[in-house]
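In: output the structure for:
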Amino acid sequence: MNSRDRAWVFLSFPCSIDGKAGFKDRPKIGQLAKANSLPEVLDFAIQREMDSVLYYQELKKFVGAVYANAIDLIIDEERMHFAFLSKLRRGVTGP
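Out: Numbers count the residues shown, from 1 in each chain. Sure thing, here's the model as predicted:
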């Protein structure tokens, strides 16, 4: 299996690598439904951004140098989302 095929498998079926954060059955969406306030929603979103950064960092190990730059761009974008949400969260009071 070449690096492109490994990347496709990794992107298509991440729940086979981490059942808790998988995309197929979306188990964490139930946590969002339980959010009772804007701070809780933002905390959920911030955590998902952190999960995304970790996911793409791990993905880089499977795809090799050919796709590393593209994945780095995605990681940078996820970090910008994290920074934006964190700044927004700091401006919101609540637990």
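In: only C-alpha atoms for contact and neighbour calcs from this point on.
Out: Fine.
In: isn't residue 71 right up against residue 54?
Out: No: counting by Cα atoms under 8 Å, residue 71 stays clear of residue 54, with 11.5 Å between them.
In: neighbour count winner among these two?
Out: Neighbours were counted for residue 71 and for residue 54 using other Cα atoms under 10 Å; residue 71 has more, 18 against 13.
In: ok, the more buried one to residue 88 distance?
Out: 26 Å (Cα to Cα, to the nearest Å).
In: where along this structure do the strands fall?
Out: Remark: strands of the chain are absent; assignment by DSSP state E.
In: so, low pLDDT: which residues of it?
Out: Residues of the chain meeting the criterion pLDDT under 70: 1-29, 94-95.
In: can you show me the helices along it?
Out: 3-12, 29-33, 38-63, 65-90 (DSSP state H).
In: from what I can see residue 49 touches residue 81, true?
Out: Yes: applying Cα under 8 Å, one finds residue 49 in contact with residue 81, separated by 6.8 Å.
In: who has more neighbours out of these two?
Out: residue 49 (21 against 16).
In: and that one, how far is that from residue 31?
Out: For residue 49, the distance to residue 31 - Cα to Cα - is 15 Å.
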